[in-house]
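> The amino acid sequence is not available; the structure is as follows:
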């Protein structure tokens, strides 16, 4: 077997990557420039796929010749640290008791560091098929950044035969995840002086009835779905934010309700926004429009990340199971870019270092043992793909 990349090399790369504050609201270009320079130093060309205002970019690079191959996909952005209490600086990698602490260490800069540390190994191997690196942005806000890069696969970017998405799975093989549909329902009523509420239409009051209906539909889903491959074994529907009103002495004209569906693959709950609209038409709008003819309840999709279900014959899942030695797969309730790759014709699997339990939290970390496991995984991949 090929010798895995050095754990300290991966740790050093992780320290440099974590030092870039790539919170989704900020640019990732400094990190991408660092990766591009690193690859240039190993004689590997890369292609950038910028966003519309050139403040962010994906990076695509290929090691080896030929068509097909395996893509290693990771997102460069991370979630904010605002309001969290960290023991150490979240943007300075800190090692304590065999754990590497820092924002993004687990989700998912640890995987990126392992892939970069393995580049010399990939380059020195007699690869029969290429290995591709795919770094994206804005995964944490709806898997947005990877989409223009995926659109170019098979055109000016080589299409991988399979894609491994290195989200934190504790190196378990994940063959399915739920979708995420995020909705914003905007209620528009009519302002009035709070001493005469009957001549106004209270948007918050109407929104509260919508929240009750969303909760009712959520409870209904728990009783009609059961897929033990996932935890929980049903689709979930949840209200996340409510924002409305102007002042205590004004009948509120506007209210926004932000809510989401995390749906099982193939869930019938995908019609839930249409069902909420039907409820509003039937139970709310007639009374609202009797006072304010222009009153509205409008739902728009803010984000839609497709569910992922690899299927029993998946080439990508078979590959990951061979590399890990796993004899079973799991499903997860969080979403990844895997469904987007699958929808574009690239069989995908999710497998990477670190536990989702540490992701997004204060004192996020990835253990050095997980880094070592990932490096061994990539060394086995090198062997398997070598002529």
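Right, received. Where do you want to start? Only a predicted model underlies this, so the values are computations on that prediction, with no experimental measurement involved.
> use CA for all of it now, contacts and neighbours both
Will do.
> Tell me how many other residues surround the closest residue to residue 249 other than its chain neighbours.
With C-alpha to C-alpha, 6 or more residues apart in numbering as the measure, residue 194 is the residue that lies nearest to residue 249, at 4.8 Å, once sequence neighbours are left out. Counted by other C-alpha atoms under 10 Å, the residues lying close to residue 194 total 16.
> who's in contact with residue 194?
Counting by C-alpha atoms under 8 Å, 6 or more residues apart in numbering, residue 194 makes contact with 248-251.
> so which of these is the most crowded?
residue 251 (26 neighbours).
> Could I get the phi/psi values of that one?
With angles defined as degrees, to the nearest 10, residue 251 sits at phi -60, psi 120.
> Then residue 116?
Note on residue 116: its backbone torsions stand at phi -70, psi -40 [degrees, to the nearest 10].
> Give me the distance between it and residue 108.
If you measure residue 116 against residue 108 using C-alpha to C-alpha, to the nearest Å, the figure is 13 Å.
> Looking at the two, which one has more neighbours?
Between residue 116 and residue 108, counted using other C-alpha under 10 Å, the more crowded position is residue 108 (25 against 21).
> Isn't residue 174 up against residue 332?
Yes - Residue 174 sits in contact with residue 332 when judged by C-alpha atoms under 8 Å, with a separation of 7.1 Å.
> The two: who's more crowded?
residue 174 (25 against 21).
> what about the helices in this structure?
Secondary structure of the chain, counting by DSSP state H: helices at 7-18, 29-41, 110-117, 119-124, 146-151, 203-224, 272-279, 285-291, 315-324, 338-343, 368-385.
> now, of those, which is deepest in the fold?
Comparing these by mean neighbour count (mean count of other C-alpha atoms under 10 Å), helix 110-117 ranks first with a mean of 27.
> Quick check: can you list the domain ranges of this protein?
According to automatic domain parsing, the chain is divided into the following domains: 7-177+306-385, 180-305.
> about what we covered before: any chance of the contacts of residue 194 in TSV with pLDDT and distance to residue 319 as columns?
Shown next, in TSV, are the contacts of residue 194 (pLDDT from 0 to 100; distance: C-alpha to C-alpha, whole Å):
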residue	pLDDT	distance to residue 319
248	96	60
249	97	63
250	98	61
251	98	60
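> export those to a markdown table and tack on distance to residue 159?
Compiled in a markdown table, the contacts of residue 194 are given as follows (distance: C-alpha to C-alpha, whole Å):
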| residue | distance to residue 159 |
| --- | --- |
| 248 | 57 |
| 249 | 60 |
| 250 | 57 |
| 251 | 56 |
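> if I pick residue 357, what's in contact with it?
Applying C-alpha under 8 Å, 6+ apart to residue 357 gives no contacts.
> What pLDDT does the model give it?
In the predicted model, residue 357 carries a pLDDT score of 95.
> change the start of the numbering to 19 and stick with it
Renumbered: residue one is now 19, and that last one reads residue 375.
> And it, how close does it get to residue 101?
Distance of residue 375 to residue 101, given as C-alpha to C-alpha: 18 Å.
> next one: residue 233
Separation of residue 233 from residue 101 (C-alpha to C-alpha) stands at 28 Å.
> Over to residue 350?
Counting by C-alpha to C-alpha - residue 350 and residue 101 are separated by 27 Å.
> and what of residue 356?
When distances are taken as C-alpha to C-alpha, residue 356 and residue 101 turn out to be 30 Å apart.
> what's the answer for residue 57, then?
When distance is defined by C-alpha to C-alpha, residue 57 is 36 Å away from residue 101.
> now do residue 320
According to C-alpha to C-alpha, residue 320 stands 24 Å off from residue 101.
> Residue 319 too?
Distance, residue 319 to residue 101, using C-alpha to C-alpha: 28 Å.
> Report the central residue of the chain.
The residue at the geometric middle of the chain, judged as the C-alpha nearest the mean C-alpha position with C-alpha atoms, centre = their mean, is residue 354 (4.0 Å).
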